[in-house]
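K.L.:
Structure, please.
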Amino acid sequence: MILDRYEYSKLANSKLPSSWQSQSSLDELQEFLQQNWEQRAVFYEDGEISSQQQFLDFTGQQGIRTKKYIGTIVFRGEQLNIYPRVFSTEKEDHDTDDLTPKHLLKNLVKWIEHCNKLDYPFINISSELSDEEDLKELFITLYIRYVKSAIERGLYYQYVDDTQDCTSIKGKFDIKDYFVNKIPNGQADKFRCTYSNFEFDNKVNRIIKYTCKQLINITSKKNQKVIRTILTRLNEISDTPCSPNDCNGIRLSKMHRHYGIIISMSKMFLLNKMSNYSIDTNESFCFLFPTDLLFEGFIGGFMKEVLHEYGGRVMLQESRMSLVEKIIYKGETSGAAFTMRHDILAEFKGKVFILDTKYKEMSRFEDNPDYKSIISNEAKQSDLYQVLEYARKRDIEDVYLLYPMYRYEEKEEEFPFAVSESSGGNINVHFIRLPFIFEEDEERTKQQLTDVIKLVFEIEK
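P.N.:
Numbering: from 1, shown residues only. Here you go, the predicted structure:
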């Protein structure tokens, strides 16, 4: 069974796959998501401080509710695809009939290409991912390409402690064993020693080899070829079964820190049980991404490319200023507090621009006589407070709230702005809607997004 839903959608228990409906199954699903939640830092840092998984809300026997994470969950062979809400054509459209995981994957790869905020190791090999059919295959491709790159940089050797009876003392000599065991048994010429060998057959390489062997039968022929190349290079490594716990506690030197992402991804694959290339009743995997983070990183990265051509500068999550410069108590003064973090801060032609991305639904302004109620009802007051305070601290007149457009929408030629009047000077809050969804004509989407960015920065076309 395959379910397609948007973010923030409710699924009644009766609508779930039959193998998910019992409370024990839901508990197992929640535990499975919890394990993946704890590993999500392999791909992104979403700012969530909760130790409890935030991928889905569980409402007991009533069912589940999707949240702000998009992607695919497969559990016990049943699949739930979660799409961005703006994949719909308008606010009240909840139809998912024409959506496919391939369409989601295509957009995900495009967003990541520009998403320099996310710590994705495959930004530089995104061209190799454009033909993948599902998220599972995408991550297998990512993993093996990263392993192949690491091996080509240099095979991983590690000092491994070994304890043996030697004919001469080397390393650490076990004196107690010598007097208690060796001399009484007529083995005065044997010395129990612990010493380090510089080994190729070490825990890191065993984990990599075992993970690759688990993946080779569930991936494409193209990836199988790469895996066979990797296994040939690891031929001398012992075939040892590994578990997710084996990936814990591995310490890497600075020279080999690039192996850290490989070990983390190995753990992710070992956590996600995958039996064969087609989904069967035993298969489970989970690949989910925070859409607000993708929107912020994509828009920031794309804007950086556009402005660079005109001598502009763009920074993401800039945090050099604080809301409070000092705290005073009982005559003592402490330092600054409450650091301001701007989603996007741009400098262009001597002017500072503060732009906050808001991954929220905003209705179309153009040709809509009710645009005032759109802003009053759909823009959050807290968002306005935030950017107005940013403007006051930076002593600037204009700030921008950036929202995603719906699928198939044409860009708008003009946008409204709200004026906050004060004795210190008026502040203009601009409401900007930006193309975010790629369809068949990718160049057209890029051009429309470029045109809106140029409109914001008053760059002549």
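K.L.:
Tyr195 and Leu271, how far apart?
P.N.:
According to CB to CB, to the nearest Å, Tyr195 stands 35 Å off from Leu271. The way it works is simple: take the backbone N, C-alpha and C, and place the C-beta from them, glycine included.
K.L.:
swap in Phe87?
P.N.:
The spacing between Phe87 and Leu271, counted by CB to CB, is 28 Å.
K.L.:
and if you look at Ser22?
P.N.:
23 Å.
K.L.:
out of the two, which sits in the busier spot?
P.N.:
Neighbours per residue (other CB atoms under 10 Å) separate Ser22 from Leu271, with Leu271 holding more: 18 against 13.
K.L.:
to the chain's geometric centre, what's the distance from the one helix or strand Ile328 maps to?
P.N.:
Ile328 belongs to strand 327-329 when assigned by DSSP states H and E. Centroid separation for strand 327-329 versus its chain: 39 Å, with CA atoms, centre = their mean, to the nearest Å.
K.L.:
what mean pLDDT does that strand have?
P.N.:
Mean pLDDT, strand 327-329: 82.
K.L.:
what's the answer for stretch 34-41, then?
P.N.:
Stretch 34-41 comes out with an average pLDDT of 82.
K.L.:
Just list what the strand holding Ile328 packs against, helices and strands only.
P.N.:
The contact analysis (3 or more CB pairs under 8 Å, 6 or more residues apart in numbering; DSSP states H and E) places strand 327-329 against strand 332-334.
K.L.:
change it to 6 Å
P.N.:
On a contact count with 3 or more CB pairs under 6 Å, 6 or more residues apart in numbering; DSSP states H and E, strand 327-329 meets no helix or strand.
K.L.:
In the sheet, which strands lie alongside that strand, parallel or antiparallel?
P.N.:
Paired neighbours of strand 327-329 in the sheet (DSSP bridges): strand 332-334 (antiparallel).
K.L.:
And the strand it pairs with, what's buried?
P.N.:
For strand 332-334, burial by neighbour count (16 or more other CB atoms under 10 Å) applies to no residue.
K.L.:
before we move on, what about stretch 143-154?
P.N.:
Using 16+ other CB under 10 Å as the test for burial, stretch 143-154 gives 143-147, 150-151.
K.L.:
Restricted to helices, list those residues.
P.N.:
143-147, 150-151 (DSSP state H).
K.L.:
these two touch, right, Met315 and Ile344?
P.N.:
No: between Met315 and Ile344 there is no contact, the gap being 7.5 Å when judged by CB atoms under 6 Å.
K.L.:
Who has more neighbours out of those two?
P.N.:
The residue with more neighbours, out of Met315 and Ile344, is Ile344; 24 against 14, by other CB under 10 Å.
K.L.:
Quickly list what the more buried one is bridged to.
P.N.:
Leu316, Leu355.
K.L.:
wait, it sits on Ile299?
P.N.:
No: the criterion here is CB under 6 Å, and Ile344 misses it with Ile299 at 7.1 Å.
K.L.:
ok, now how distant is Met265 from Arg233?
P.N.:
Per CB to CB, Met265 is found 18 Å from Arg233.
K.L.:
Now do Leu323: how many residues are near it, please.
P.N.:
13.
K.L.:
Quick check, pLDDT for the most far-flung residue of the chain relative to its centre.
P.N.:
Relative to the centre of the chain, the most outlying C-alpha is that of Gly186, 62.3 Å out, by CA atoms, centre = their mean. We have a pLDDT of 83 for Gly186.
K.L.:
can you map out the helices along this protein?
P.N.:
For the chain, applying DSSP H gives helices covering 23-38, 101-114, 135-153, 175-177, 203-215, 221-233, 259-271, 291-308, 371-378, 381-394, 442-456.
K.L.:
Identify whichever of these lies nearest to Phe353.
P.N.:
Set against Phe353 and scored by CB to CB, those come closest in helix 442-456, at 7.6 Å.
K.L.:
by how many degrees do that closest one and helix 101-114 diverge?
P.N.:
With axes from the mean of the first three to the mean of the last three CA atoms, to 10 degrees defining the directions, helix 442-456 sits at 50 degrees from helix 101-114.
K.L.:
which other helices and strands contact helix 442-456?
P.N.:
Looks like helix 442-456 contacts helix 291-308 (3+ CB pairs under 6 Å, 6+ apart).
K.L.:
Quick one: end-to-end distance for stretch 355-371.
P.N.:
End-to-end distance for stretch 355-371, by CA to CA, to the nearest Å: 21 Å.
K.L.:
can you list contacts of it?
P.N.:
The contact list for stretch 355-371, computed with CB atoms under 6 Å, 6 or more residues apart in numbering, reads 91, 291-292, 295-296, 299, 343-344, 374, 378, 383, 387, 400-403, 412, 416, 433.
K.L.:
In the stretch 101-250 of the chain, where is pLDDT below threshold?
P.N.:
Per-residue confidence for the stretch 101-250 of the chain (pLDDT under 70) gives these ranges: 116-134.
K.L.:
do that again at 50, thanks
P.N.:
121-126 (pLDDT under 50).
K.L.:
number of nearby residues for Gln381?
P.N.:
8.
K.L.:
ditto for Val419
P.N.:
9.
K.L.:
which residues sit in contact with it?
P.N.:
Applying CB under 6 Å, 6+ apart to Val419 gives the contacts 426, 428.
K.L.:
any idea how far it is from Leu355?
P.N.:
In this structure, Val419 and Leu355 are 18 Å apart, going by CB to CB.
K.L.:
now Thr291
P.N.:
When distance is defined by CB to CB, Thr291 is 18 Å away from Leu355.
K.L.:
hmm, back to that, the helices of the chain into CSV, with extra columns for distance to Cys247?
P.N.:
Shown next, in CSV, are the helices of the chain (distance: least, CB to CB, whole Å):
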stretch, distance to Cys247
helix 23-38, 12
helix 101-114, 24
helix 135-153, 13
helix 175-177, 33
helix 203-215, 6
helix 221-233, 18
helix 259-271, 4
helix 291-308, 25
helix 371-378, 44
helix 381-394, 39
helix 442-456, 38
